[in-house]
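Undergrad: what would the 3D arrangement of this be:
(chains A and B)
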Number of protein chains: 2
Amino acid sequence: MGTRRDFIEKLTVSAVSLPILYGSTNLFAASEQPYKGPKLRVAIMGLGSYGTRVARAMVDCERAKLVGVISGTPSKVIKWQSEYSIPEKNCYNYQNFDNIKDNPNIDAVYIITPNALHCRQAIRVAKAGKHVICEKPMAINAKEGQEMVNACKDSDVKLLIGYRMHFEPKTVEVVRMRIAGEFGQPKFFQGQSGFVIGNPNQWRLNKKLSGGGALMDIGIYAINGARYILGEEPIWVTAQETKTDPIKFKEGIDETIQFQMGFPSGAVASCLSTYAMRHLDRFFMTGEKGWMEMKPSSGYGPIKGQTHKGELQQPHSTHQTLQMDGMAQIIFEGKQPIVPIDGEEGLKDMKIIDAIYLAVNSGKKIELQ
Amino acid sequence: MGTRRDFIEKLTVSAVSLPILYGSTNLFAASEQPYKGPKLRVAIMGLGSYGTRVARAMVDCERAKLVGVISGTPSKVIKWQSEYSIPEKNCYNYQNFDNIKDNPNIDAVYIITPNALHCRQAIRVAKAGKHVICEKPMAINAKEGQEMVNACKDSDVKLLIGYRMHFEPKTVEVVRMRIAGEFGQPKFFQGQSGFVIGNPNQWRLNKKLSGGGALMDIGIYAINGARYILGEEPIWVTAQETKTDPIKFKEGIDETIQFQMGFPSGAVASCLSTYAMRHLDRFFMTGEKGWMEMKPSSGYGPIKGQTHKGELQQPHSTHQTLQMDGMAQIIFEGKQPIVPIDGEEGLKDMKIIDAIYLAVNSGKKIELQ
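TA: Here you go, the predicted model:
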C-alpha cells in the first residue's frame, strides 16, 4: 500500500514540477488556449440514471466526448442515439460488446452498471483493448477488484475509477492544503455519508446486483474521503451494523454501518454509512494546526466547505464534466490527479469494504496489512 | 433504567402541568416577582480552578449562596473568606468536615475535588445530613456511584450531579424540541468532545486521583448528551482506544477513545473523547423530520446551535449560575429539570463509562441491561 504515500511524499517536495491536475483545465481557462487536441471517445455501458447524468455532463467536456453506448434496452439506445448523435456502428448490447475491439472510433468504455456486473464487464472491455472507466465501487470485493487490475494490466489498458470528488475543486483544494502542511498533522476525520433510499425494488437493494448495501454505494465516500483527507492508509477497522427495516433492507443489504479506522500516525476516523437517515453528507477533519469541514461533502450539487482559514471559494462545476475531462488528460497526457483515480486506488477501498463487513460479522477489530 | 423514559413519557402528555425548570428563573424575570424566599446555602469542597469558577458564578445567583468552604489549604481558605465574606465557623478541612452536621447555616456541600475522592466525601457529607452536590463524573465507576446513591437515600438528603448543560438554555430548548416531536424520531447522534490538555502534572492525568482519562472528564459530555438528545438509554456500546503519547497519558489514562452506542429505537450514536485534539466540541443529531447541531456544545462560553428551524436564539447566562439557582429550586421546591440531574442520572453515565472501558479492554460489544 506504499504507492500512494510515496506519491504524496514526492509531491510534497516537488509539487511545482509535477503535472498535477487541480480539477479541470476549465478552471484555468483564462490562461490557456482553447483545447484543440484529440478527444477521449467514450462509450457508456449502462444507460440508467447515473449513466444519464454522466452523458449530460459530458456535453460540456472539452477533452472527452460520448460516442457510443452499450445497453440491453433497444429503446434506450434509440433515445440516446438521437440525443447525443451516436452512430449505429457505436451501439452495442451485452452480448456483442466484445466486438468493440474492432471499432477504432472508441477509446474507452465507462461501466455504469450494477456493482456485481463490473468485474466481468471490465475484463471483457480490457480484453477488447479499450481503456476501462468503472463507476465506484469498482467491484463487490477486493478479489474481483484485483482481477480487474490484473486484466487491464495484461491488456495494457488504463483502469480508472469514477471517483468524481478527486476532480472537485474544493476537495482538491483541501487535499492540497493537507499536503502543504496547512492543517499540521491530521488527527481525526469524521465522514457522515448517507441518505434515505427510495424505491425498494431498485438494484441497489438487490444483493445479487449490488453486492451489499449503503456501504458499497455511499459509505465508500467516507472511506475514500478518510484516505484522501488524512493522507494515510488505515491499519485497522472496527464496525457496527444496525438494521431497523429488515423488509426494505434484506439479508446482505446493510442499512446503517458505523465504522472506525486507525492510521499509522495515530490519526483516527469515525464514519457513518446509511440508507436510512437524512441531513448527513459531512466531512470534518481536525489537525494539529487547523481544521476543515465540508458540508455537503460528496453530493452532486455545489460542495460547500470551510477551513480555519475561511470559506472555500473554488467555483462549482459539474463533477462529471471535470472528471471526464480529467480522465482524458490522464489517459492521453499521463497527468496525475492530486488523489489517484486508478484501479489500485479503487482496490484499496475494496479491501477496506471487505474488512468492514468482516468486522461487522465477526465483531472484531480487523487489522489491515 | 425506566425512570427517565417514564418521566419523559409523562412529560410528553402533560408538559404544561409539570413544574419543569427551563433554565433559571432569570429567563422569566420579566413575568416574575424578585425572589425573596430562602437561599440554598452552599459550602464548596475543593477550592481548585473549577471550584473558583463555581464560586464566582454563584455571586450572581438569586436562590443559592456560597456560605462555606472545605479545603486542605489554609491560605486558600483565608483568601476565599475575604473574597466571599465567609465566616470562620463555616470553614472546614478534610479531617473535620464531618462536623458540618452541627452547622445549621449550611444546607448543601458541592464536592469539586478529584474524581477518585468523590465517593468517600459524598458519603461523609450525606452522613452529616447535608444535601450533596457532586461534580461530574460523580465517581470513578458505577459501584461507587451506587454507594453514593444509597448513602444519600439512607440519610434522606438529595444527591445532585453538576451537569451544568441541563440548565443551559439552548440545550434545554433542543431537548424540549425533541420531546415535542419536532425532530421526529431521532436516528443518529454524534458527539465530539475533546481538547488538548495542558500541564502533564495535573490530577486529571493521575489515575489514582482521576480514575481515568479524557472519557471521565470530557467524554462524559458526549455520553450524557447522546442520552438527553436522543431521549433513550443505550443497549450496547463498542469502543476503540488510541494512544499517541504514552508519556503524557500513562497506563489507565485514556488519551483518545472513539465509542458507539445503540438504542432501543434503532438510533445510534458515534462519539469521540480526547485529550489530544483541537477544534472539537460538537453535538449533531438527525431525526426523521429535522436535525440539530450545537457547536460549541458543552464549553463554558456561549453555546451556539442551529436546527432545521434556524439558529437557536436563547440568551447565554453563566452555566454555573443557572445550575446553582436551578438546584436550589429542585431542593427547596421539588421542581424537575427537563433532564434529570440526580444521582440516578449520574449513575447511568457511570455504567456506560464502565462499559466503554470494558469494550476497550475486551475488544467486544458490551450489552447494557
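
Undergrad: going by residue numbers, what spans are strands in the stretch 1-150 of chain A?
TA: A:20-21, A:40-45, A:64-70, A:91-92, A:108-111, A:131-134 (DSSP state E, counting those that start in this stretch).

Undergrad: out of these, which comes closest to chain B?
TA: strand A:20-21 (27.9 Å; CB to the nearest CB). Just so you know, the C-beta spots here come from the backbone N, C-alpha and C atoms, and that holds for glycine as well.

Undergrad: A strand includes A:Gln190, no?
TA: Yes: A:Gln190: assigned to a strand according to DSSP: H, G, I helix; E, B strand; the rest coil.

Undergrad: that one contacts B:Gln258, doesn't it?
TA: No: taking CB atoms under 8 Å as the definition, A:Gln190 is not a contact partner of B:Gln258, at 9.8 Å.

Undergrad: where do the contact lists of these two overlap?
TA: Each of A:Ser270, B:Leu272 lies in contact with both A:Gln190 and B:Gln258 under the rule CB atoms under 8 Å, 6 or more residues apart in numbering or on different chains.

Undergrad: I'd like the strands of the stretch 1-150 of chain A as TSV, with mean pLDDT appended.
TA: Converted to TSV, the strands of the stretch 1-150 of chain A look like this (pLDDT from 0 to 100):
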stretch	mean pLDDT
strand A:20-21	58
strand A:40-45	98
strand A:64-70	98
strand A:91-92	98
strand A:108-111	98
strand A:131-134	98
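
Undergrad: any idea how far A:Gly198 is from chain B?
TA: Between A:Gly198 and chain B the distance is 15 Å, computed by CB to the nearest CB, to the nearest Å.

Undergrad: need the phi and psi values for that residue.
TA: phi -90, psi -120 (degrees, to the nearest 10).

Undergrad: got it, and A:Gln313?
TA: phi -110, psi 0.

Undergrad: and what of A:Tyr275?
TA: The phi/psi pair for A:Tyr275 (degrees, to the nearest 10) is phi -110, psi 10.

Undergrad: just checking, it touches A:Phe195?
TA: Yes: in this structure, A:Tyr275 is within contact of A:Phe195 by CB under 8 Å, at 7.1 Å.

Undergrad: when these two are compared, which one has more neighbours?
TA: Ranked by neighbour count (other CB atoms under 10 Å in any protein chain shown), A:Tyr275 and A:Phe195 place A:Tyr275 first, with 25 against 17.

Undergrad: returning to what we had before: intersection of neighbour lists for A:Tyr275 and A:Phe195?
TA: Counting by CB under 8 Å, 6+ apart, the residues touching both A:Tyr275 and A:Phe195 are A:Ile218.

Undergrad: for the stretch 251-369 of chain A, which residues are neighbours of chain B?
TA: Contact residues, the stretch 251-369 of chain A versus chain B (CB under 8 Å from any CB of the partner chain): A:256, A:258, A:260, A:262, A:265-266, A:268, A:270, A:272, A:274, A:276-280, A:282, A:284, A:286, A:288, A:290-291, A:308, A:363-365.

Undergrad: now, which of these lie within strands?
TA: A:Thr256, A:Gln258, A:Gln260, A:Gly262, A:Val268, A:Ser270, A:Leu272, A:Thr274, A:Arg282, A:Phe284, A:Thr286, A:Trp291 (DSSP state E).

Undergrad: ok, what's across the strand from the second one?
TA: When bridges are assigned using DSSP bridges, the partners listed for A:Gln258 are A:Gln240, A:Leu272.

Undergrad: list the contacts for it?
TA: So A:Gln258 contacts A:Ala239, A:Gln240, A:Thr242, A:Ser270, A:Cys271, A:Leu272, A:Ser273, B:Gln260, B:Val268, B:Ser270 (CB under 8 Å, 6+ apart).

Undergrad: give the contact list for the last one.
TA: Residues touching B:Ser270, when contacts are defined by CB under 8 Å, 6+ apart, comprise A:Gln258, A:Ser270, A:Leu272, B:Phe188, B:Phe189, B:Gln190, B:Gly191, B:Gln258, B:Gln260.

Undergrad: for chain A, which helix is longest?
TA: In chain A, with assignment by DSSP state H, the single longest helix is helix A:343-362.

Undergrad: what does the following helix or strand past it contact?
TA: Remark: after helix A:343-362, the chain's next helix or strand is strand A:366-367, criterion DSSP states H and E. For strand A:366-367, the external contacting residues (CB under 8 Å, 6+ apart) are A:Ile235, A:Trp236, A:Val237, A:Thr238, A:Ala355, A:Ile356, A:Leu358, A:Ala359.

Undergrad: list the residues that contact the second one.
TA: For A:Trp236, the contact set (CB under 8 Å, 6+ apart) comprises A:Met261, A:Gly262, A:Lys365, A:Ile366, A:Glu367, A:Leu368.

Undergrad: now the residues you listed as a markdown table including neighbour count?
TA: Shown next, in a markdown table, are the contacts of A:Trp236 (neighbours: other CB atoms under 10 Å in any protein chain shown):
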| residue | neighbour count |
| --- | --- |
| A:Met261 | 30 |
| A:Gly262 | 23 |
| A:Lys365 | 16 |
| A:Ile366 | 18 |
| A:Glu367 | 11 |
| A:Leu368 | 16 |
